[in-house]
Every structure is written in structure tokens, then in C-alpha cells.
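**Q** Need the 3D shape of this:
(chains A and B)
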Amino acid sequence: MVVGDVTTGTDVLVIGGGPGGYVATIRAGQLDLDVTLVEMDAYGGTCLNHGCIPSKALISATDIAHTAGDAERMGIYADPAVDMQGMVSWKDRLVTRLTKGVESLCEQAGATLIEGRAEFDGENRARIVQSGEGQGSESIEFEHAIVATGSRPIEIPNFEFDGEQILSSRDALALDTVPESLLVVGAGYIGMELATVYQKLGCDVTVVEQLDNALPTYEDDVTKVVRERAETLGIDFQFGQTAKNWEETDEGVVVRAESDDNEMAEFEGEKCLVAVGRRPVTDTLNLDAVDIEIEEGVIETDDRARTSLDHIFAVGDVAGDPMLAHKAFKEGEVAAEVIAGEPSALDYQAIPAAVFTDPEIGNVGMTETEAEEAGYDPVVGQMPLRASGRALTLNEREGFVRVVADDETGFLLGAQIVGPEASELVAELAVAIELGATLEDVAATIHIHPTLGEAVHEAVKGALDESIHY
Amino acid sequence: MAFEYELPDVGEGVAEGEIVAWHVAPGDRVSEDEVLADVETDKAIVDLPSPVAGTIKQLHAEEGEVVEVGTVVVTIDVDGDTPEDEEVEDAVAAEPDAAAADAATSEPAVDGTDADGETTDADGETTDADGETPVASGRVFAPPNVRRLARELGVDITAVDGSGPSGRITEADVRSAAESGTGESEAGEEEKRKSALSKRSDSGDSERKSAVSKRSDSDGPKSAVTKRSDSQESGAASAADSTDREQTVAAPATRKLAEKHGVDLDEVPTDKTRDGEAFVEPEDIEAYVETREAVEATEAETAAKSEARPVRTEPYKGIRRTIGNQMQASSSTIPHATHHDTAVASQLVQSREKLKERAAEQGISLTYMPFVMKAIVAGLKQHPILNTELDEDDEEIRYKEYYNIGIAVATDAGLMVPVVEDVDEKGLLELASEINELIERARNREISREEMQGGTFTVTNFGAIGGEFATPIINHPETAILGIGELEQRPVVEGSGTDADVVARHTLPLSLSIDHRVIDGAEAAEFTNTVIEYLEEPSLLLLE
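**A** Next up is the predicted model:
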């Protein structure tokens, strides 16, 4: 301990105030635990400040502009003008509002909030390092720690983020002018969401992807709907191209990529967004001071969110895939409840996930193939949205709702949805799966007409061979 | 350090025990393994040894009190602890809710909030038995609250059979699995074992929580059901079944009348409706009040009557209740059929008379029981279907290829069934001395649970008290039981035709109850014939 250190104590030390950390903090407070939250940057973490929320703000805003300008079929002729600075400052205001909200929820839960970076200084002690101040720091002795340090974008060789030419997703969400053209390296969900935003804002987007399809982790018929829409919007896809290096030019950048058959190609753009995934943040923690197991950069945890040390927990992105805020929420809750002695565990049956492309993708549980691999005899029901009255009134006709169930018992196993509001539609099926509901349970439930939710109903009835509208 | 000794599981799967007698009082010094109390559980009285050496601080249960396993029965000040420790421990014990916060801030080393309930046993060794039920891999068709309940009760949810649609697992399924012990996860077993071990008072919140939830369970749905049926009974008596109504339409004057009589409008029976809601008028209330008063009067009368007759109540618990449960289980699952026959035992009486003196020379009292048991074994060997057990869950009939015979013994505390093992391998004298010893110890209640387990067939000698025939109840999961009536002289017809004569002979009446699911009547009769054959001609036993 450095002379001048101040030592305090806490039941639960939460390191990081993102979705995993702030939820753990609030839950621990609710359970009357003495909890301290240490955040080095901004409450709400990547999700609120540089991820989910700002990207959804920009997606919704550009959708309004784009939809208004693309509604001749509905008899609407418009050419909306977009003030990018206005849009970004609106987004910043709502982010600020939400981060303030998170901070005050943590305070109301009775948590002690400390700004700074926490690093371990033994198995029951952490040091808080405040940026800028060299000497004297605070030490905290803790009974339990919850590591929630999140993740950061992966850099690929030769493409160091500089915020000017080579952008991370975080940079791309903070641009205050729309570039003429944009290269996007990586056609995963982050790359696809931002490519769509900028294309809709009038930027020429080229997506350079190493694999041979966009959103390669999804099924082909799902990604096909999204890729075709993106192509209709004008996005240029370059599949099978591995970005190797780049050079600054008068107009911006030229990125050189190597194809599968070793031929080099050059792609030009004003800026280049690299979105090839995220990796856990563990280098701020001084993990040498605690003996916890790490596998390929991810802190290993068990079904109680515990690390290999029983009193240290890890939640959210730092505990590994899938890196989703709502998975972090759940883990944060469970960690706090386990510490409080409750019989909680990470026993979820499925984690729903969404991609906010145009149209959206929502999925939960198993695909048909996964169900077969798991030993089920799956039955599938699928409802195309072109047969949905509500979809047509929304001027949408692409996409579908598909449900996968066990033929023998009727238990719902999974769902894949591509279409407008897929992220919302999937929630119903997530509940059904979590409850162990059968096709019949959902089929017997009345759904509102006319809604997109009816398509879920019809898909389920389809799996029972009882569809009415299709 | 104050050691909070929780009542361990002193038998196998025992849920509670009665403190019959304390051998210590507060202030007494005890050494490790010194007997603290006699505890009566299920079928036996066992000693409760002290797991630590120290001074008795407090007894938490009265003599005669029935205590659940896991309840703290005695606090012992353990030798060699520092006063500070004691203070911390006391604080923790006294304020369970504050324990988490206190322990953490004042002394992080005290693992008062450790979620995994790590325990330190009396030797100071840390046992890493976290007693958790792991999350099942793969899909589980049960709602989240049910999965949580399963973890709480230590049930492996993947081993639970669901009774919901398509086999979905319900709360009730998990509860019954927890009660029956099926699907109990290894962790759950571990937890049980652990709670059988003594624990430090600070051994974790989860214990306290589960104790709390257990309590609320038993107060919860079940008692709600009981209450409802109670009120239904009196409701039925009080005329027209009133009603699960939540709303009743009535005029203001009617409401006033109801209020005057202290009547809940929703309880007043009526056939009338207004706007689809039940409608009550003043005469309905008067009729209801009248009936209610009449019923109350009758109830009061009945109560007065029953109060007037002296009744002594005894708690239905311990061995009595164990016997009761066992009988109920047997009688409600097994379709009993009883076959009666009589052995003419003249030769048996002679043989025993001769051998009795030889046995006495060796200090052994030779009764008829060893002969009967040998004859039974001969019967079982020829008719193995009577030496079986029916496994209803696995749908298997298990043939036992060994012969452990239980003997029903009447004791002051009730019926006990000590088991004589491997009867086929033992001689008459050996059996005689073993039987006598077991019966003696059963009567003195010195017998252990283990000595009453593992039987394959049971014999009940009610004839020792008197009587000829009876209907013995099978000792589940066995499939047959033989009852022996009183051996005495009875009229017997000997010879045939005109030579037939009625003579006095020693006879032994036999009553064989069988599990008719497994054993047919013919097999029962054939087995009895074999037993009779051996009893009537004891020299056949020499061939065995």
C-alpha cells in the first residue's frame, strides 16, 4: 500500500458501470448488500454511450428520412433534408439523459459510486486509480467483486483506429458529417447496421468481408432478405476479400485486400470503418493479483457467474460470448443474487438476439438444424410477411416468421424472424420458450389483428398444420 | 466460538426427531462424542453425540419436543476460542439479516456472506461442499420459477417427470420429487449430508433462506387447501353452497341489513341475478342468518357434548406415525389377499420338546419361531415368487436370492420388525438365539434402523398373544407376509370314511397375505402347503 492510501470496505465491489455492472449494482442494493461501483468512463458502458443506444438512435432517425423519401408507392413524394449535426446532437442528448438515469438508479439503490479505474491488489483488495492524479489512491477491501469491464472493438493488423480515416464503431457513431463514401470492413451485425445507416444518409458504402456472405452466423434465407435489401439501397458487397493494409489518398483512403485466390484488389473511400468483432477488456484490472482463470482473453465463469475464485464474479462481455447487453443484465442480476445467498443461476433456455438492419432480424433458441443436432425431431412453421395484412400496410413485403418445435411434444425450441420489428416480435417466442410452452399454447392464444404479431401466430399454427391465412 | 449444533439426520432420510431426554444442562462441560440427548426418530431411539468439546451454553428444545432436522438444538461454547471470535459469532447468530453487512465491514475474513455456504467443521477443516444444484445442460421444459424452485430444493430437474402438457414440469412435480427424494441432485444429497454435519452458525445465508421458504411452503398452498375444505364443510352444513362470488348486486337497504347481521353479501346464496351479477334481497339475508344461527347452535351443542366426555389426546408422531404411514402406504398401494390354512403340529410339538432341553443346556431358549422360519425358507425356495419385491417405478419384479426374514414384534412403543439375515444358512439354535436377542433389543428399543431393513419376507406371530386367523398387512415393498396363530389343541378329523374320528391335536393356524398384483392365489396356496408340510413333518428340515 502506498503511503497516503485510504482504505475502505465493501460487501460487493462492482468494476465497470455498463449493462452488467450497473444492473449488478442496483440488484445488490435492492438485496441490502453494501455495494460500491467503480466506473472509469461513463455510466451505461458501451451499450449506452457507444453502442446499442446511439446506433439505434441513428438507425431510427435515418429510417424516418429514408422511408419518407421512399414512399411513392403510398402516394408520398418527399425529399427530406438531413442535418447531420442536428441528428447527432439529438442522439447525444438522449444518451446523456439515459446515463444520468443509470447513475441515479445506482444511487437510489444505495450504492457508493466511485470514478476511476479499479485494479486488483490481492484477492480481497482493489486500488482505485484516478486518471491524472499520480500519487495517493484509494484502496477498497471487498468481500465479493463483480468484474464487468466489458469489451472493446478488435483492431486488425495495419488498421489502427485513428478516429479520422480508420474508424471504430464508436467513432462511426460520433461523426458529425456524412462522408461521401465509406468502406466497411466486416459484414457482421455492427458493420451491417452502420453500413445501412450511412447508405441511407446518402453515403456510398462498400462492405468488404472475408467470408462469402453478410451476417455469416445467420441462416442463408434470413441473410438473403437483408443482403438483397442492402443491395437495393445501393450498398456494394465485396465478399471473400481480406483487408490487408491501407493508404491515405487525396480523397480519403484506399484499402488493399486479398481475395481467396490470392489476388489483390483496391477499394477507395473517404473513410474506413473496421467492425470485425469485440474482445473482452481485462488489461485494466491487474489480474496478476488474483488467481482467476482466463481462456483466450475471456474470464471463465460457471453457471452462477462465478470465476474460478468463488468470491469474484464476472458478467457481461468480459465473461464471453454472446456479447449482448441483455445477457449482461441477466448475469449481473444473478451475480448479485448469488452473493446475497439466493438460489439464482444462469439457467436461461435461450438468449434472444436482434440485428437492427433493414429489415430487422430477431432470433431465439434453435434453428431447425440445431434442433436436429440436439436430437429433436423438429417441425417447422413459416409465415411469409407478404401474406400479412399488417406488413403490407407498412409497405413491407419481405421477410418471414419461422418457428421450430419438437414434433413429438410440441415444445417450442426456436424462432427466426426477419422483417420489420423482428426485434420486438421475437420477445413473445422467447417467453414461450422460457416457459416451456408448446405450439398449442401459442396457437390457442388470441393475437391482435391487424399486427405483425399475427405472423408469429400463423407460423405457430402452420407448424401444427392449422394455418388459416396462409 | 459458539457452536450452533443443528439436529443431524440421525437415521436415513429422517426429517425430524423427538428429544426424549437431555443428558446435559447449560453450564455442563462436554467432551467430544459425549452423549447430549436421546432422540427418537422414526423407529429407533438414538444417542446424539457432541461433535465438539466445550461448555453447554443453551438448550433450544424441551424434552418431548419434536424438532426438524437442521434446527439448532444446542449451543456449545467451543474450547479454546478467543473472546473476540465469540462476539462476532454471537452478533452473526443474533442478527441474521445484518450479518452480511456486519461481517463484511468489520472483518472480511469471516465468510459470513459467502454464497456457497462453505462450512468449517469441528476440526477446523474447510469442506468445499457448496451444496449447489448445477444448471442442467440442454433444454429443460419448465418455467423459470420452477427451475429456481428445483435449485432451492436441491432437485435435479432433468430427473423429474413432468405432469404438465407434453410432460412440462410443474411446481408440484418438483415439490413431490423433493419429498420422495427422486431426482435429488448429487448436490442436493451433498447438502443433506452437509446439513447432517454440524455447522457453524455463520455458514451461509442460503441455509437460512431455504429454511424460511420451507416454512412458507408448508403454510402455503397445502394449508390453503385445508382451510378451503374446512369452510366447505361448514358451508355445506349451513345450507346452499355459497359461493365464490366476488361481486353481489343488492339494494342499499339490503346492504345495511347485511351489515347489521355481520353478513358478507358475497356469501349469501341466491339464484337471482341482475345484469348478469348475483342479486341478493333482504329475505335472502334473513334466511341465511337463520340457517347460520341454526348451524352454529348445532355446532355448539356438538362441541358441548364432546367437551363433556373425557378424552385424552396423544400426539400422533414418532414411531406411531411411522407405523401408520407404513401401513397406509402398504394398504393403499397393495391389493391384499389373505389365504388361511392350518398345520397339524403334533410332531412339531414333540420335536421341539425334545430339542428344547438340549438347547437349554447351551443357555438357549428354543421357541417355535426358528422352526417356522425354516419352514418358510423351504417354502420360499420352492415358490420364489413370494420372496420378491415389486418396483413400481421401474416396473420390475425383483426376485431375492437370499432369505432375510423380518419378525414383527409388539413393543410398548408399537410395532417393530427386526430382520434375521440369511435364515437359510443358519441352524435352529443359531436362529433361536439370534431371534431372542433381536426381540429382546426391540422391546428395549435398543435396535438400530439398519437392523430393521433389508427384509425379503415377514412373519408376524400374533398367536403369541392369542387368536387363530388374521389379515396381516404386507411390509411394503415385500410381497407377502405370514401370520402365525396360537398353537394349541384343537379338534382335528383323522382317518376317513367310517373310521373318521375327531381327536384333539396341536394345530397351528396360518394366515398368508399376498400382494395380488404379483402373486396369484394358487401360488399362495401352494406355498402354504409347502410350509405346512415342513411344519407337520419337521424331520424334512434335515434335508434342507
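**Q** how far away is the residue of the stretch 251-400 of chain A found nearest chain B from residue A:31?
**A** Chain B sits closest to residue A:341 of the stretch 251-400 of chain A, with a gap of 2.8 Å, by C-beta to the nearest C-beta. In short, each C-beta sits where N, CA and C put it, glycine included. Residue A:341 is 9 Å from residue A:31, where distance means C-beta to C-beta, to the nearest Å.
**Q** Looking at these two, which is more packed in?
**A** Higher neighbour count among residue A:341 and residue A:31: residue A:341, with 21 against 18, using other C-beta atoms under 10 Å in any protein chain shown.
**Q** Are we agreed that the residue of the stretch 251-400 of chain A closest to chain B is in a helix?
**A** No. Using DSSP: H, G, I helix; E, B strand; the rest coil, the assignment for residue A:341 is coil, not a helix.
**Q** What's the local residue count around the residue of the stretch 101-250 of chain A found nearest chain B?
**A** Of all residues in the stretch 101-250 of chain A, residue A:143 sits closest to chain B, at 4.4 Å by C-beta to the nearest C-beta. By other C-beta under 10 Å, the residues close to residue A:143 number 26.
**Q** and what of residue A:153?
**A** Count around residue A:153 with other C-beta under 10 Å applied: 23.
**Q** Show me what it is bridged to.
**A** Going by DSSP bridges, residue A:153 is paired in beta bridges with residue A:278.
**Q** Now do the contacts for it.
**A** By C-beta atoms under 8 Å, 6 or more residues apart in numbering or on different chains, the contact set of residue A:153 is A:161, A:168, A:169, A:170, A:274, A:275, A:276, A:277, A:278.
**Q** redo that, cut-off 6 Å
**A** By C-beta atoms under 6 Å, 6 or more residues apart in numbering or on different chains, residue A:153 lies in contact with A:168, A:169, A:278.
**Q** surely the first one meets residue A:161?
**A** Yes. Residue A:168 lies in contact with residue A:161 (C-beta atoms under 6 Å); the separation is 4.6 Å.
**Q** And those two? Which one has more around it.
**A** When residue A:168 and residue A:161 are compared for neighbours, residue A:168 comes out ahead with 22 against 17, by other C-beta under 10 Å.
**Q** tell me the pLDDT at the more buried one?
**A** pLDDT recorded at residue A:168 is 96.
**Q** Quick check: phi and psi on it?
**A** phi -90, psi 170 (degrees, to the nearest 10).
**Q** now residue A:251
**A** phi -90, psi -10.
**Q** From residue A:158, how far out is it?
**A** Distance, residue A:251 to residue A:158, by C-beta to C-beta: 20 Å.
**Q** try residue B:444
**A** From residue B:444 to residue A:158 the distance is 90 Å (C-beta to C-beta).
**Q** Likewise for residue A:14?
**A** Residue A:14 is 37 Å from residue A:158, by C-beta to C-beta.
**Q** Neighbour count for these two, which is higher?
**A** Per other C-beta under 10 Å, whichever of residue A:14 and residue A:158 has more neighbours is residue A:14, with 34 against 12.
**Q** so that one bridges to which residues?
**A** Beta-bridge partners, per DSSP bridges, of residue A:14: residue A:37, residue A:146.
**Q** Does it touch residue A:147 like I think?
**A** No. Judged on C-beta under 6 Å, residue A:14 makes no contact with residue A:147 at a distance of 8.5 Å.
**Q** which residues are contacting the longest helix belonging to chain A?
**A** Across chain A, the longest stretch assigned as helix under DSSP state H is helix A:84-108. Residues outside helix A:84-108 that contact it (C-beta under 6 Å, 6+ apart): A:22, A:25-26, A:37, A:42-44, A:48, A:53-54, A:57, A:61, A:113, A:176-178.
**Q** now stretch A:259-279
**A** Contacts of stretch A:259-279 (C-beta under 6 Å, 6+ apart): A:151, A:153-154, A:156, A:159, A:165-167, A:169, A:172, A:179-186, A:190-191, A:206, A:208, A:240-241, A:252-258, A:297, A:323.
**Q** follow-up on the earlier one: pull out the buried residues from the longest helix of chain A.
**A** A:84, A:87, A:88, A:91, A:95, A:98, A:99, A:102, A:103, A:105, A:106 (16 or more other C-beta atoms under 10 Å in any protein chain shown).
**Q** Please apply the same query to stretch B:357-364.
**A** Under 16+ other C-beta under 10 Å, the buried positions of stretch B:357-364 are B:359, B:364.
**Q** do the same with stretch B:491-505
**A** Those would be residue B:505, for stretch B:491-505 by 16+ other C-beta under 10 Å.
**Q** Next one, pLDDT for residue 140 please.
**A** All of this is about chain A. 92.
**Q** wait, chain B
**A** Reading off the model, residue B:140 has pLDDT 88.
**Q** Just give the closest residue to it, not the sequence neighbours.
**A** residue B:157 (5.5 Å; C-beta to C-beta, 6 or more residues apart in numbering or on different chains).
**Q** Burial check on residue B:488, number of neighbours?
**A** Using other C-beta under 10 Å, the number of residues around residue B:488 comes to 15.
**Q** measure it to residue B:368 for me?
**A** 12 Å.
**Q** Domain parsing of the chain, as residue ranges.
**A** Here I'm looking at chain A. If you go by automatic domain parsing, the domain ranges for chain A are A:6-152+A:279-339, A:166-276, A:353-463.
**Q** not quite, I wanted chain B
**A** B:2-127, B:236-308, B:319-543.
**Q** so which of those comes closest to chain A?
**A** Of all the domains of chain B, domain B:2-127 sits nearest to chain A, with 4.2 Å by C-beta to the nearest C-beta.
**Q** Which of the helices and strands in chain B ranks last by mean pLDDT?
**A** Ranked by mean pLDDT, DSSP states H and E, the weakest helix or strand in chain B is strand B:126-127, scoring a mean of 34.
**Q** which residues in chain A form helices?
**A** Secondary structure of chain A (DSSP H): helices at A:19-30, A:45-50, A:52-68, A:84-108, A:169-172, A:189-200, A:220-233, A:325-339, A:368-373, A:389-393, A:422-435, A:439-443, A:453-463.
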